[in-house]
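Student: 3D model of this:
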Amino acid sequence: MKFLIKNSIRYIIFLIITCSFLDFFKNDNLSLKTLASDNTGVDINFGDSIGVNQNIKNLKNRKKIYEKEILEKVMGGMAIDPKMGKAIFGINSFFSEDYCREIGEYSIIGTVPYPTWCNRDSGPFSNVDNPNSVIIIPLTLELKAGFKENLIDTLSDGLEADYIGVIKGSRHSPTKLTGPDFKFGQDQLLGIVDHSKKLMLLYQINDAGIYQKNQLNKFIKGSSYDLAIDLINKKGEIDGGVSFTENKKSCVNHFKNCLLNKIHLMEYQVKNHSPEIINDKNWGITTGKISPPHALLEDYGSFQKIFLSRNYYVMIDINEKQLKKLSRINVRKITNE
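Tutor: Now for the predicted structure:
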């Protein structure tokens, strides 16, 4: 009977994650339809999925399972799929999209008007240097299908994690999520976040022993891979770009024609049409507070959050001469050993 109950609970949890993720792509929001389009220009080595049944046999303890099979694969980018939508050329083309006609230039919250993505004077695209030749590309970073399918099995079978439940939102104080029996420095909290539904599945992994220090509120690390944006010329050569690395936007992979101040990665959150615009010294123009901006993991020591997906607009603010040389925009994941 205990076995049947356990498997029933696991099946229900799996359905919640799967249905929630599928609903994300069925969302009628006009902007997200673009985000979920074909992988235009994505050039990625997808790597391996979790492979629970084989890998768990080779791991000697739960600490290694948690680190190697979950945290490191998300942090290192091996468990992440990038998908690019259809490119939009020129700022007027973006403002003429059905999305902008639907939401307008302001969102009214209470009685206060806030500029939306579609506000020409105060929105995220209001300071474009090259309005006629700027390129705006929707980009989605999401967990791989194989990784998601095996994640619940890894938690339930490999780690014997306790499923706590589904809570609304993901911006909770970690100290309020732990019970009286939580052992700091030994136990772990893991939240699986669905941004589109604003929900988080919460698990507790006992005696994982990941960190020696009792850290809980301090952000440690979110990503160790580089996300490179490449501009490909008509000869098929990389003719410029920029990389989002572990701690800043960088020219490390684009010494020739580095577009450090011309390419920006701005997060789009479902139902939040009026993002906060941040001009960060390390990342340039952003609309989110997660650092690095391309991470699907937030690590606070005894508490980690993994995002099913995150959505962005890539803004490439180049002039018409540079635009005429292009034939393609590529996205690369660069794993740092």
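Student: which residues of the stretch 51-200 of the chain score low on pLDDT?
Tutor: Across the stretch 51-200 of the chain, the ranges flagged by pLDDT under 70 are 51-60.
Student: same thing but at 50, please
Tutor: 54-60 (pLDDT under 50).
Student: Please enumerate the strands of it.
Tutor: Applying DSSP state E, counting those that start in this stretch to the stretch 51-200 of the chain gives strands spanning 80-84, 88-89, 106-109, 112-115, 135-143, 162-168, 188-194, 199-205.
Student: so can I have a markdown table of those showing mean neighbour count and distance to residue 244?
Tutor: From N, CA and C alone the C-beta is placed, and that goes for glycine too. Output for the strands of the stretch 51-200 of the chain, formatted as a markdown table (neighbours: other Cβ atoms under 10 Å; distance: least, Cβ to Cβ, whole Å):
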| stretch | mean neighbour count | distance to residue 244 |
| --- | --- | --- |
| strand 80-84 | 22 | 12 |
| strand 88-89 | 17 | 21 |
| strand 106-109 | 13 | 28 |
| strand 112-115 | 15 | 25 |
| strand 135-143 | 23 | 11 |
| strand 162-168 | 13 | 30 |
| strand 188-194 | 23 | 20 |
| strand 199-205 | 21 | 25 |
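Student: Out of those, flag the one nearest residue 97.
Tutor: strand 88-89 (7.3 Å; Cβ to Cβ).
Student: Can I get stretch 89-107 in CSV? Just the C-alpha atoms.
Tutor: The C-alpha trace of stretch 89-107 is given here as CSV (Å, rounded to 0.1, in the frame of the first residue of the first chain):
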residue,chain,number,x,y,z
PHE,A,89,13.9,44.2,-37.8
GLY,A,90,13.5,47.9,-36.9
ILE,A,91,11.8,49.3,-33.8
ASN,A,92,8.7,50.3,-35.6
SER,A,93,8.1,46.7,-36.6
PHE,A,94,8.1,45.7,-33.0
PHE,A,95,5.7,48.5,-32.0
SER,A,96,3.4,47.4,-34.9
GLU,A,97,3.1,43.8,-33.6
ASP,A,98,-0.3,42.6,-32.4
TYR,A,99,1.2,42.3,-28.9
CYS,A,100,1.7,46.1,-28.7
ARG,A,101,-1.6,46.9,-30.2
GLU,A,102,-3.2,44.7,-27.5
ILE,A,103,-1.4,46.0,-24.4
GLY,A,104,-0.7,49.6,-25.4
GLU,A,105,2.0,51.9,-24.0
TYR,A,106,1.0,51.8,-20.3
SER,A,107,-0.2,49.2,-17.8
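Student: Buried residues in it, which are they?
Tutor: Buried positions in stretch 89-107, judged by neighbour count with 16 or more other Cβ atoms under 10 Å: 90-91, 94-95, 97, 99-100, 103, 105-107.
Student: Then stretch 258-270?
Tutor: 258-259, 262-268, 270.
Student: And the helices in the protein, which stretches?
Tutor: Shown for the chain, the helices assigned by DSSP state H span residues 2-26, 30-35, 52-58, 62-64, 72-75, 91-95, 98-103, 145-153, 174-177, 320-325.
Student: ok so, going back, and of the buried residues of stretch 258-270, the nearest to residue 202?
Tutor: residue 270 (20.6 Å).
Student: Distance of that closest one relative to residue 196?
Tutor: Residue 270 sits at a distance of 5 Å from residue 196 (criterion: Cβ to Cβ, to the nearest Å).
Student: And for residue 279?
Tutor: Where residue 196 is concerned, residue 279 sits at a distance of 27 Å (Cβ to Cβ).
Student: higher neighbour count, those two?
Tutor: residue 196 (20 against 10; other Cβ atoms under 10 Å).
Student: how near is the more buried one to residue 286?
Tutor: Counting by Cβ to Cβ - residue 196 and residue 286 are separated by 20 Å.
Student: same question, residue 192
Tutor: Distance from residue 192 to residue 286, by Cβ to Cβ: 24 Å.
Student: Check the burial of the residue nearest to residue 267 when sequence neighbours are not counted by counting its neighbours.
Tutor: Distances taken as Cβ to Cβ, 6 or more residues apart in numbering put residue 288 closest to residue 267, at 3.6 Å, once the chain neighbours are dropped. Counted with other Cβ under 10 Å, residues neighbouring residue 288 total 18.
Student: Ok, residue 86 next?
Tutor: Residue 86, neighbours per other Cβ under 10 Å, totals 12.
Student: Test my guess that it contacts residue 138.
Tutor: Yes - counting by Cβ atoms under 8 Å, residue 138 is a contact partner of residue 86 at 7.5 Å.
Student: Check the spacing between the residue nearest to residue 240 when sequence neighbours are not counted and residue 138 real quick.
Tutor: Of all residues not flanking residue 240 in the chain, residue 257 sits nearest, at 3.5 Å (Cβ to Cβ, 6+ apart). Residue 257 is 24 Å from residue 138, where distance means Cβ to Cβ.
Student: And residue 299, by the same measure?
Tutor: For residue 299 relative to residue 138 (Cβ to Cβ), the value is 27 Å.
Student: Check residue 183 too.
Tutor: Relative to residue 138, and taking Cβ to Cβ, residue 183 is found at 43 Å.
Student: What of residue 294?
Tutor: Applying Cβ to Cβ to residue 294 and residue 138 gives a distance of 14 Å.
Student: repeat for residue 307
Tutor: Distance, residue 307 to residue 138, by Cβ to Cβ: 17 Å.
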